[in-house]
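Q: quick one, fold the following:
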Amino acid sequence: MTTINARLSVMMFLQFFIWGGWFVTLGTFLSSTLQASGGQVGMAFATQSWGAIIAPFVIGLIADRYFNAERILAVLHLVGAVLLYQLYSAVDFGAFYPFVLAYMVIYMPTLALVNSVAFRQMRDPALEFSRIRVWGTLGWIAAGVVISFVFAWDSREAITSGGLRNTFLMAAIASLVLGLYSFTLPATAPLKEQASASGIKQSLGLDALGLLKDRSYLVFFIASILICIPLAFYYQNANPFLAETGMTNPTAKMAIGQVSEVLFMLLLPLFIQRFGIKLALLVGMLAWALRYVLFAYGDNGELAFMLFIGIALHGICYDFFFVSGQVYTDAKAPKHLRSSAQGLITLATYGVGMLIGFWVAGQVTDHFVVEGGHDWKSIWLFPAGFALVVFVGFLLTFSGRQAAVAPSKA
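A: Sure thing, here's the model as predicted:
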């Protein structure tokens, strides 16, 4: 690994260590420490979607036009450190929510900025990027290990005493480190062509709306939004569910999902080449339904293996639908619209789809509150059934070619 790639890998590690350091346990923290309702937990998670919706404006109107990417990355993470400290200090949900909303509005643009910095420094992005990006996944895993095995903040005793509050302090320190470190990254000046009036349209994906005239792509687009509803249940409820069932070190064990994500990411191109994009998308959707059935009927006793299988399915759930969807989008879009098309599908899924999903997850979770906890079987069967309906609908209506689709190197 070259020196510059090593520096970029550190950047990716810290970027996702920060996110994984508090986001995974957010639902557990809110419900146990701040006594938030399911609807309030959904509101907190939905700040990710608001951040995803607003992020293109930050990148398209500010970062791409006037400032070096590494400098605005530094400033955003330094401000983020202050906001994360405010989350650490919040005493109730009313005090917590404004700061988590502000934080996600400034954090989501940094996901595009780290990619921008990385791509601009690579000689061969197709070969080098995956080797650098994987350090982000390792950073997310490391955060879970630190929370569970180093400090045990997600143990029952620590949760009861408010120990999960420390995750925000840890993330604030990491954000401060990355903010200062970002000033040392190679200069990544705005490209002249990015300063055009069409920059914001491209960032928002509006240039690619014509793709929706294609019936197959429209079906895929709608399915992508709908499948985000079951996805939101995992982000919002998985950690509280595992903690409530009495699983030890639940945060670190959830990192099994990120390990499987790396493994299936490597297998995905081979699968698409052999079986085609439609089957890959269907496998991804079916995996969501299977995962939630396993969660519904598993427990922390003799059936604990069902919970672990459900966690490990994350690689198939995410890679086979969302990454395959990015590949499909790249193949369907004309070369000059590929960036816009990716912006459109990201805005639709992480923006609109997840926004709806977190609201639904909050309402369903509140509906199945019982004395001493939740009726998790009923909660998990809802997204399982929903994912199955999306699967059947997609199977019957998607008429895309069965031919293999290879990721574009353009």
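Q: ok, now how distant is the spatially most central residue of the chain from residue 370?
A: With distances taken as Cα atoms, centre = their mean, residue 350 lies nearest the centre of the chain, 7.7 Å away. Distance of residue 350 to residue 370, computed by Cβ to Cβ, to the nearest Å: 32 Å. Every C-beta, even on glycine, is put in place using the N, C-alpha and C of the backbone.
Q: the least confident helix or strand in the chain by mean pLDDT: what's the following helix or strand?
A: Ranked by mean pLDDT, DSSP states H and E, the weakest helix or strand in the chain is helix 199-204, scoring a mean of 59. As assigned by DSSP states H and E, the chain's next helix or strand after helix 199-204 is helix 215-244.
Q: just the element for residue 264, please.
A: helix 256-275.
Q: tell me what angle that helix forms with helix 215-244.
A: Orientation of helix 256-275 against helix 215-244 (axes from the mean of the first three to the mean of the last three Cα atoms, to 10 degrees) gives an angle of 150 degrees.
Q: so for helix 256-275, mean pLDDT?
A: Mean pLDDT, helix 256-275: 89.
Q: do the same with stretch 181-196
A: 76.
Q: the nearest residue to residue 328 once chain neighbours are set aside: how many residues sit nearby?
A: The shortest distance from residue 328 to any residue other than its chain neighbours is 5.0 Å, reached at residue 277 (Cβ to Cβ, 6 or more residues apart in numbering). Residue 277: 24 surrounding residues under other Cβ atoms under 10 Å.
Q: surely residue 171 touches residue 21?
A: Yes: at 4.1 Å, residue 171 counts as touching residue 21 under the criterion of Cβ atoms under 8 Å.
Q: so which of those two has more stuff around it?
A: Ranked by neighbour count (other Cβ under 10 Å), residue 171 and residue 21 place residue 21 first, with 28 against 25.
Q: residues touching that one, list them.
A: Contacts here follow Cβ atoms under 8 Å, 6 or more residues apart in numbering; on that basis residue 21 touches 143, 146, 147, 167, 170, 171, 174.
Q: and the first one, how many neighbours?
A: Right, the one you point to is residue 143. By other Cβ under 10 Å, neighbour count at residue 143 equals 29.
Q: other SSEs contacting the host helix or strand of it?
A: Taking DSSP H and E as the definition, residue 143 sits inside helix 125-145. Helix 125-145 is packed against helix 3-20, helix 93-121, helix 250-254, helix 256-275, with contacts defined by 3 or more Cβ pairs under 8 Å, 6 or more residues apart in numbering; DSSP states H and E.
Q: chain center to that helix, what's the gap?
A: 14 Å (Cα atoms, centre = their mean, to the nearest Å).
Q: what's the helix or strand that it is followed by in contact with?
A: Reading on from helix 125-145 to the C-terminus, the next helix or strand found by DSSP H and E is helix 156-160. Contacts with helix 156-160, where a contact means Cβ under 8 Å, 6+ apart, come from 28, 32, 33, 151, 152, 153, 163, 164, 243, 246.
Q: mind running it again at 6 Å?
A: Applying Cβ atoms under 6 Å, 6 or more residues apart in numbering, the contact partners of helix 156-160 are 32, 152.
Q: could you list the buried residues of it?
A: 158, 159 (16 or more other Cβ atoms under 10 Å).
Q: now that helix: average pLDDT?
A: Mean predicted lDDT for helix 156-160 stands at 93.
Q: helices and strands around the next helix-or-strand element following it, which ones?
A: Going down the chain from helix 156-160, the next helix or strand is helix 166-182, by DSSP H and E. Applying 3 or more Cβ pairs under 6 Å, 6 or more residues apart in numbering; DSSP states H and E, we find helix 166-182 packed against helix 3-20, helix 69-89.
Q: so which bits of helix 166-182 are buried?
A: So, applying 16+ other Cβ under 10 Å, buried residues of helix 166-182: 166-172, 174-179, 181-182.
Q: now the end-to-end length of stretch 243-258.
A: End-to-end distance for stretch 243-258: 19 Å, by Cα to Cα, to the nearest Å.
Q: what's in contact with that stretch?
A: The contact list for stretch 243-258, computed with Cβ under 6 Å, 6+ apart, reads 24-25, 28, 137, 140-141, 144-145, 147-149, 154, 239, 242, 300, 311-312, 314, 373.
Q: separation between the residue lying closest to residue 151 once chain neighbours are set aside and residue 78?
A: Nearest non-adjacent residue to residue 151, counting by Cβ to Cβ, 6+ apart: residue 166, 6.8 Å away. Distance of residue 166 to residue 78, given as Cβ to Cβ: 21 Å.
Q: where are the low-confidence patches of the stretch 51-200 of the chain?
A: 58-65, 126, 191-200 (pLDDT under 70).
Q: go again using 90 as the cut-off
A: Within the stretch 51-200 of the chain, the ranges that satisfy pLDDT under 90 run 52-69, 108-134, 137, 188-200.
Q: what's the pLDDT at residue 8?
A: 95.
Q: how many neighbours does it have?
A: 26.
Q: for the one 5 residues further on, same thing?
A: By the criterion of other Cβ under 10 Å, residue 13 has 22 neighbours.
Q: that one contacts residue 141, doesn't it?
A: No: using Cβ atoms under 6 Å, residue 13 makes no contact with residue 141, being 10.1 Å away.
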